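Participant: With the sequence up front, the predicted model follows.
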Amino acid sequence: MRIHVTSVFVDDQDKALSFYTEKLGFVKKTEVPLGDYRWLTVVSPEAPDGTELLLEPDAHPAARAYTRALVADGIPATSFAVDDVRAEYERLRALGVRFTQEPTEAGPVTIAVLDDTCGNFIQLVQMS
């Protein structure tokens, strides 16, 4: 058994696709129209057949409440692994990405947290 798709709730799929591809560097994998929304996934260019991230609309009231509560408490919705958190932090800041936490050592990992502009905080993690 393995993880095939995981989700992050977003307040605007177009804005999310732009941010996740143009800023974070993911590539679009799947786009299937589903009424007012789409089944819209991105993947790492390093693993195009790997785990897909579904940019899922936060249209359900529970999804909105959940994401707002996480943001209010400063909790990231998910975590992405990077080889060098400090380098990614500098690269993304140069692209205008806002961070809520600068690179910080936390035991065996270094983490940073960014705002994805679509309703979520995302943690970047570098394993030591």
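Facilitator: Happy to help now that I have it.
Participant: tell me the contacts of the residue sitting furthest away from the middle of the chain?
Facilitator: No residue in the chain sits farther from the centre than residue 35, which is 23.8 Å out by C-alpha atoms, centre = their mean. Residue 35 sits next to no residue when contact means C-beta atoms under 8 Å, 6 or more residues apart in numbering. All C-beta atoms are positioned from the backbone trio N, CA, C, and that covers glycine.
Participant: now it: how far from residue 41?
Facilitator: 17 Å (C-beta to C-beta, to the nearest Å).
Participant: The residue farthest from the centre of the chain and residue 47: what is the separation?
Facilitator: 30 Å.
Participant: How about residue 77?
Facilitator: 20 Å.
Participant: For the two, indicate the residue with more neighbours.
Facilitator: Each of residue 77 and residue 47 has its neighbours counted (other C-beta atoms under 10 Å); residue 77 has more, 19 against 9.
Participant: got the phi/psi numbers for that one?
Facilitator: The phi and psi torsions at residue 77 (degrees, to the nearest 10) take the values phi -70, psi -30.
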